[in-house]
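Novice: Here you go, sequence then predicted model.
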Amino acid sequence: EKNKKFLEIGAVIPKGILLMGAPGTGKCVAGNTMIVTSKGIIAIQDVPKYFCVNQDNTVEGLNIVTLDEKEGVLKTAAASHWYCLGEQKTLSIKTDSGISIEGTPEHPLIVVDKETGFFKFKRIEEIKEGEWLAVGSDTQSFGSHTRIPSPDIAYLMGVLTGDGCLTIKDRVMLSTADKEILERVQKILSSHFGVHLSKSSGKYDYELRNVQVKETLISWGLGETYARHKRVPDWISMAPKEYICQFIRGLFDTDGTVEKRGSISISSSSRSLVDSIQFMLLNLGIVARSYERKKKYNGQMQYYIQIYGDFVQNFKDQIGFSVDRKMSRLEAVCLKQRNTNINLIPLQSHLIGKVWKEAIASTSVSLNRAFYAQSPYKNVKRYMSGERTPSQHGMNVFIENAIALAPSVSIMPEVAHLRNLSSGKFFFTQVKNINKLYNKVYDLTVPITHNFIANGLINHNTLLARAVAG
């Protein structure tokens, strides 16, 4: 009846749904943004290179890491669509840990809400300096296929990326003063190629004059480039875990240092190399800080990675060193008490207070001054007032002792939330600066969860109109 008068004048009632939104509502990220996929770590612009993207933008076989907001956990899910949306105005966010992302102003990221302590999606244009972003760490997602024949070759490629050179015609060069590196490299070359390095003119310089071996290494992804253009080979980024760990070990054997203050560091004149290594470490659950400085003697930019706090032990367990002196220093560092304040769980004072209030209401223990002077409880009041932000370890200690005091609090949803934040699957980093740029941008559609991990950060996908049409 309502539509009769329109039908009488020849109107046609459309079938489907009309979706409306402001111009530019395709929320998307820059092409060099790294995503963790079922084939390994790749740039979002390279999805068509490794997966089948159809003319209607549907994509086949692209499983990515996403956040299940209901369960609060990171998991693997299939993306249904991939889009290239041309050049648009973008904003680049950089955090105090060096993690960064570039996306359109409308693109939402997960922040920790300062009012509630829970996760909240917020558009980049609304995010301010000092806000806390949620990073998906320890995703442990790797490829299952690589052209590289063994983890030993992956180690060799890491060594050559660090202290090797392929720019001299028909030669593979290596400079090293560490006998452990030289011995292992010689064994790998002998075992796989039947060749070995010969002494060159410099004190610590060695060379291999073999065109076939050099061409094979290049086919696996090593570049004939100078230091500032070095990068992680694609066949490493997409390899199984053992290959990735051996590549990183080779790189840190050559260029890595264990500092006296307890951190592990490495530097390179290649920003691409440092950015990729930081993201690969993050996938392993090793959060590293990256930063840059100009060299005094030539004014060129140098890029750094620093691993410290809780993550030094994690580096030792999964990667480590082959160089004895470095491994000994690393083991010594791991035996010492470390400052864990790098791995903070921010903006949880309200929820901590709620859990504690419930705990003290349900216990018969006398909560006097002597009680709060005990080691497990002396920080609780500081956490509740916001005077002190708990580390991951401190939060876990608080939860354990609250439950020990009053077992009934274990079923509180707030306790489940605090457990999740301190599970090691998330890291929190503050926004340091935001810059305006212009770039070609891309997006994914992920049904049900509607988000994906990109550059470690949790990104919302909201290309709803095109997804429904597809």
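Specialist: Good, I have the coordinates.
Novice: G299: neighbour count?
Specialist: The tally of other residues near G299 (other CB atoms under 10 Å) stands at 7. The way it works is simple: take the backbone N, C-alpha and C, and place the C-beta from them, glycine included.
Novice: so where's the stretch 251-400 of the chain uncertain?
Specialist: 337-341, 375-376 (pLDDT under 70).
Novice: what about the strands in it?
Specialist: 257-258, 264-268, 289-294, 301-307 (DSSP state E, counting those that start in this stretch).
Novice: Neighbouring strands of the second one in the sheet, and parallel or not?
Specialist: Read that as strand 264-268. If you go by DSSP bridges, strand 264-268 pairs up with strand 257-258 (antiparallel), strand 301-307 (antiparallel).
Novice: now the angle from that strand to strand 289-294?
Specialist: 40 degrees (axes from the mean of the first three to the mean of the last three CA atoms, to 10 degrees).
Novice: Contacts only, for N32.
Specialist: By CB atoms under 8 Å, 6 or more residues apart in numbering, the contact list for N32 reads 43, 45.
Novice: Now for the nearest residue to K295 once chain neighbours are set aside: which residues touch it?
Specialist: Using CB to CB, 6 or more residues apart in numbering and skipping residues adjacent in sequence, the residue nearest K295 is Q302, 5.3 Å away. Contacts for Q302 (CB under 8 Å, 6+ apart) come out as 267-269, 292-295.
Novice: Which member of those residues is positioned nearest H107?
Specialist: Using CB to CB, E292 comes nearest to H107 of the contacts of Q302, at 24.5 Å.
Novice: and that closest one, what does it touch?
Specialist: Counted by CB under 8 Å, 6+ apart, E292 has contacts 271, 301-304.
Novice: Could you rerun that using 10 Å?
Specialist: E292 is in contact with 98, 267, 271, 274, 301-304, counting by CB atoms under 10 Å, 6 or more residues apart in numbering.
Novice: which residues touch F321?
Specialist: Counting by CB under 10 Å, 6+ apart, F321 makes contact with 178, 180-181, 249, 252-253, 256, 258, 264, 315, 327-331.
Novice: again, only this time at 6 Å
Specialist: Contact analysis of F321 by CB atoms under 6 Å, 6 or more residues apart in numbering lists 253, 327.
Novice: can the strands paired with strand 264-268 go into a markdown table with extra columns for distance to L457?
Specialist: What follows is the strands paired with strand 264-268, written out as a markdown table (distance: least, CB to CB, whole Å):
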| stretch | distance to L457 |
| --- | --- |
| strand 257-258 | 28 |
| strand 301-307 | 18 |
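Novice: do you know which of the ones you listed lies nearest A77?
Specialist: Proximity to A77 (CB to CB) singles out strand 301-307 among the strands paired with strand 264-268, at 29.5 Å.
Novice: still on that earlier bit, which residues does the residue nearest to K295 bridge with?
Specialist: Going by DSSP bridges, Q302 forms beta bridges with R293.
Novice: what about it, distance to S268?
Specialist: Per CB to CB, to the nearest Å, Q302 is found 7 Å from S268.
Novice: Out of the strands of the stretch 251-400 of the chain, which gets nearest to Y204?
Specialist: Per CB to CB, nearest to Y204 of these: strand 257-258, 17.1 Å.
Novice: mind checking how far the closest one is from the chain centre?
Specialist: 22 Å (CA atoms, centre = their mean, to the nearest Å).
Novice: can you list contacts of the helix or strand harbouring Y438?
Specialist: Assigned by DSSP states H and E, Y438 belongs to strand 426-445. If you take CB under 6 Å, 6+ apart as the criterion, strand 426-445 is touched by 28, 30-31, 44-45, 79-85, 87-97, 99, 104, 129-135, 137, 287, 346, 452, 461, 463, 467.
Novice: strands paired with it, and their directions?
Specialist: strand 29-30 (antiparallel), strand 81-95 (antiparallel), strand 132-136 (antiparallel).
Novice: looking at these, which is buried most?
Specialist: Counting by mean count of other CB atoms under 10 Å, strand 29-30 has the highest mean neighbour count of these, with a mean of 26.
Novice: Residues in contact with the following helix or strand past it: which ones?
Specialist: On the C-terminal side of strand 29-30, the closest following helix or strand by DSSP H and E is strand 34-37. Outside strand 34-37, the residues that touch it by CB under 6 Å, 6+ apart are 41, 43-44, 64-65, 139, 141, 279, 283, 453-455.
Novice: For the stretch 251-400 of the chain, which segments count as helices?
Specialist: Counting by DSSP state H, counting those that start in this stretch, the stretch 251-400 of the chain has helices at residues 271-283, 311-318, 324-335, 349-361, 369-372, 380-385, 392-405.
Novice: Show me how far the next helix or strand after the longest one is from its chain's centre.
Specialist: Read it as helix 392-405. With elements assigned by DSSP H and E, the helix or strand that comes after helix 392-405 is helix 413-421. Relative to the centre of its chain, helix 413-421 is centred 22 Å away, using CA atoms, centre = their mean.
Novice: got the angle for helix 413-421 vs strand 426-445?
Specialist: If you take the same axes, to 10 degrees, helix 413-421 sits at 80 degrees to strand 426-445.
Novice: Check which residues of helix 413-421 are buried.
Specialist: 414-415, 417-418, 421 (16 or more other CB atoms under 10 Å).
Novice: and what of stretch 240-250?
Specialist: 240, 243-250.
Novice: Closest to K336 out of those?
Specialist: R249 (22.4 Å).
Novice: Distance check, that closest one against S265.
Specialist: Applying CB to CB to R249 and S265 gives a distance of 15 Å.
Novice: Pull the contacting residues for A227.
Specialist: S269.
Novice: What values do phi and psi take at it?
Specialist: Dihedral pair for A227: phi -50, psi -40, per degrees, to the nearest 10.
Novice: got a pLDDT number for it?
Specialist: A227 is assigned a pLDDT of 89 by the prediction.
Novice: Nothing else from me, thank you.
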